[in-house]
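**Q** return a 3D structure for these sequence lines:
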Amino acid sequence: MTPSREKPIRRGQGGAPGACETEDDFFLYLDTFFVRDHPSVELGRGDDCAVLNLPGRSCFTTDLFLEDIHFRTRYFTARELGHKSLAVNLSDLAGMGVRPSGFLLDLIAPKNRTLDAAFWDDFFQAMANLAESAGAVLAGGDLSAGPCLGMAITAWGMPDENSAILTRGPASPGDMLFAVGEFGLARTGLARLESEGREAQARYPSAVAAHCMPTPQIEAGLVLARIAGKHGGVTGLMDLSDGIARDLPRLLRFEHGAALDIPADTLHAEIRAHSAETGEDPVELAVLGGEDYALLGAAHPSVIGRLEQEVEGLRVIGEVVEGEGLTVNGRPFRQSGFDHFGG
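**A** Down below sits the predicted model:
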């Protein structure tokens, strides 16, 4: 339900969200998209601090989303930016197997150009739609002008009753590795967008959507946490955001190696089509990945059958092994994927 406003919003000409003249106008503007009431929030937007009512253990996560670092406005729509800036945080919560509760939004509006009311309407509507579907409330945040468009979101969630909170490790040799969701598809979308702009959407619609409008695997995370809480056997889980090659050692806490078995014909058709056109190895592309926002996990062989039955889209991709390093389809894989500080 959209809350009512006590007074009209004043529209200005600057780059402020909703083209509002003041920060007070902006808070009223947010009320047209985001509800205030939520069981976990005692006092929400509009005061110096939010007051949360969290009855037990909670997980918090935060992510930056900055123009020309994480996205380009030349091919991202306002709707996609609003969705993805929240989705990347919800994916972290999915990686812990917890249910989203709320989030804080810090927003930088570019002072060197005007983003009109239509842009901000689309941006906030998409964010609000995702928040509503996930059960998360906007509890507060901050607003500033700055050199570029940027968002920083802090989100939190709580485990369901009798469910585990899942973490990276402590997998052991012999445990099976699995993924939920596509990997490599977002990398394909990014490559096509960088080379073709939005024209890429005509031939690579799934890849473009995977990069611009990722779907956090919230339900899969909750099911995995419920199985782990009742039966055990899930020995690690994480959000897959920097690609398998970079994230898998993190999942294993740099203590073990892994042998992956990923036949090319199991990859999404658009990954294979892109690779055929560019001459890339589709499996290598998929393992390098990046911004997949899938789930990557490990489990004891005794529970894998249950996981495959109960978690939609889960597939086994390999095994934890003694020693160090990564092999893919029997060959050493030495590339390491994306790193913000890796050049």
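
**Q** for the rest of this, base every contact and every neighbour count on C-alpha atoms.
**A** Fine.

**Q** quickly list what I108 is bridged to.
**A** With DSSP bridges applied, I108 shows beta-bridge pairing to S144, G150.

**Q** make sure it is actually in contact with L143.
**A** Yes: I108 lies in contact with L143 (CA atoms under 8 Å); the separation is 6.1 Å.

**Q** more crowded one of the two?
**A** With other CA atoms under 10 Å as the criterion, I108 and L143 differ in neighbour count, and I108 comes out ahead with 21 against 16.

**Q** for the more buried one, what are its contacts?
**A** I108 sits next to 143-146, 148-151 when contact means CA atoms under 8 Å, 6 or more residues apart in numbering.

**Q** how does it look with 6 Å?
**A** Listed by CA atoms under 6 Å, 6 or more residues apart in numbering, the contact set of I108 reads 144-146, 149-150.

**Q** check those residues for burial and list the buried ones.
**A** Buried subset of the contacts of I108 (neighbour count, 16 or more other CA atoms under 10 Å): 145, 149-150.

**Q** and the helix or strand containing A225, how far out from the chain middle?
**A** Following DSSP states H and E, one finds A225 within helix 218-231. For helix 218-231, the distance from its own C-alpha centre to the chain's C-alpha centre is 18 Å (CA atoms, centre = their mean, to the nearest Å).

**Q** could you look up the SS state of the most centrally placed residue in the chain?
**A** Residue closest to the average C-alpha location in the chain (CA atoms, centre = their mean): V88, at 2.5 Å. Assigned with DSSP: H, G, I helix; E, B strand; the rest coil, V88 falls in the helix class.

**Q** so how far is I108 from it?
**A** Using CA to CA, to the nearest Å, we find V88 at a distance of 18 Å from I108.

**Q** for the stretch 51-200 of the chain, which segments count as helices?
**A** Taking DSSP state H, counting those that start in this stretch as the test, the helices found in the stretch 51-200 of the chain are 78-96, 117-134, 185-196, 200-203.

**Q** of the ones you listed, flag the one that's most buried.
**A** Neighbour counts (mean count of other CA atoms under 10 Å) averaged over each of the helices of the stretch 51-200 of the chain peak at helix 78-96, with a mean of 26.

**Q** hey, C-alpha coordinates of the lowest-mean-pLDDT helix or strand in the chain in PDB?
**A** Lowest mean confidence among the helices and strands of the chain (mean pLDDT, DSSP states H and E): helix 23-31, at a mean of 82. Output of helix 23-31 as PDB, limited to C-alpha atoms (Å, rounded to 0.1, in the frame of the first residue of the first chain):
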ATOM      1  CA  GLU A  23      15.700  16.900   1.500                       C
ATOM      2  CA  ASP A  24      12.300  17.100   3.300                       C
ATOM      3  CA  ASP A  25      10.700  16.900  -0.100                       C
ATOM      4  CA  PHE A  26      12.800  13.800  -0.900                       C
ATOM      5  CA  PHE A  27      11.600  12.000   2.300                       C
ATOM      6  CA  LEU A  28       8.000  12.600   1.200                       C
ATOM      7  CA  TYR A  29       8.900  11.500  -2.300                       C
ATOM      8  CA  LEU A  30      10.200   8.100  -0.900                       C
ATOM      9  CA  ASP A  31       6.800   7.600   0.800                       C
END
